[in-house]
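Engineer: Have a look; sequence and predicted model below, questions after that.
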Amino acid sequence: MASLPKSPTHSYFLVNYMEQTAQYYKIAKFIELVGHAGLTRQLLDESVFVKFPDKTILCNIIMSSNDEDELKVVLANVEKHHISTVKQFEQERPPKAFPKGFKGMYPLMSEDSRRRKMYILGDNGTAIPVGRLSRMLWNDHKTATYDLINIVYTKEMLIAHGMGQMDLNPFQMQDIISIVSDKCKVEKCDVREAIDKHLMDLKMKCRQYF
């Protein structure tokens, strides 16, 4: 499949970004791209900041064009596909193998509709692939906490959180705290402290590099 056109000489850009765990698509003008004067083809394959009228957001560039109407057609198709994908994902979410309020031993093995093996981490149903959890080391709660944060949340989510653009899902965070506390035999307050330090370091790095 041919890659979509991207050029620093184009006037309009179709971009997407994450906010409050949801994905959005917009058409941005060339002058709205932060640092557009030094924009190169290589930079278009990386995340770039886009200055919209109400806020500046870290975005991924999907494609570009000199014809805004062309991008509007693509945007309509992308949004239609995105809605369909979200509905499919909701239908395929691995069901909880326990009733509400169940306090069993985690992680619990489960399968999604495609028979992919998943581990449920806690009462809120946070699920990750079996292979990722199998490689976890539980001899240090700080390392385990950092690793799970980077598995549960995408790189884009973490950067957006570090930039103050979105909050991380608190229910997923509760499951991380519960599983690390149980597996590493530490208090939940110790895990929360590790999370706070990791997120503070993340914010400092984002301020430094972005």
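Structural biologist: It's in.

Engineer: now for the longest strand seen in the chain, which elements pack on it?
Structural biologist: For the chain, the strand that runs over the most residues, judged by DSSP state E, is strand 56-65. Applying 3 or more Cβ pairs under 8 Å, 6 or more residues apart in numbering; DSSP states H and E, we find strand 56-65 packed against strand 12-19, strand 22-29, strand 48-51, helix 68-92, helix 155-162. Any C-beta I mention is one placed from the backbone N, CA and C, and that applies to glycine too.

Engineer: quick one: the last one to chain centroid distance?
Structural biologist: When you say that, I think you mean helix 155-162. Relative to its parent chain, helix 155-162 has a centroid offset of 7 Å by Cα atoms, centre = their mean, to the nearest Å.

Engineer: And that helix, what's buried?
Structural biologist: Buried residues in helix 155-162, counting neighbours by 16 or more other Cβ atoms under 10 Å, are found at Glu156, Met157, Leu158, Ile159, Ala160, His161, Gly162.

Engineer: what's the closest of those to Ala194?
Structural biologist: Ala194 lies nearest to Leu158 out of these, by Cβ to Cβ, at 15.1 Å.

Engineer: quick one, phi psi at the closest residue in space to that closest one that isn't next to it in sequence?
Structural biologist: Nearest residue to Leu158, sequence neighbours excluded (Cβ to Cβ, 6 or more residues apart in numbering): Leu202, at 6.1 Å. Main-chain torsions, Leu202, degrees, to the nearest 10: phi -60, psi -40.

Engineer: again, but for Lys117
Structural biologist: When quoted as degrees, to the nearest 10, the phi and psi of Lys117 stand at phi -70, psi 130.

Engineer: List the contacts of it.
Structural biologist: Met109, Ser110, Glu111, Pro129, Val130, Gly131 (Cβ atoms under 8 Å, 6 or more residues apart in numbering).

Engineer: try Thr143
Structural biologist: Contact analysis of Thr143 by Cβ under 8 Å, 6+ apart lists Leu137.

Engineer: can you pull the pLDDT of it?
Structural biologist: pLDDT for Thr143: 91.

Engineer: before we move on, what about the one 5 residues further on?
Structural biologist: The confidence metric pLDDT takes the value 94 at Leu148.
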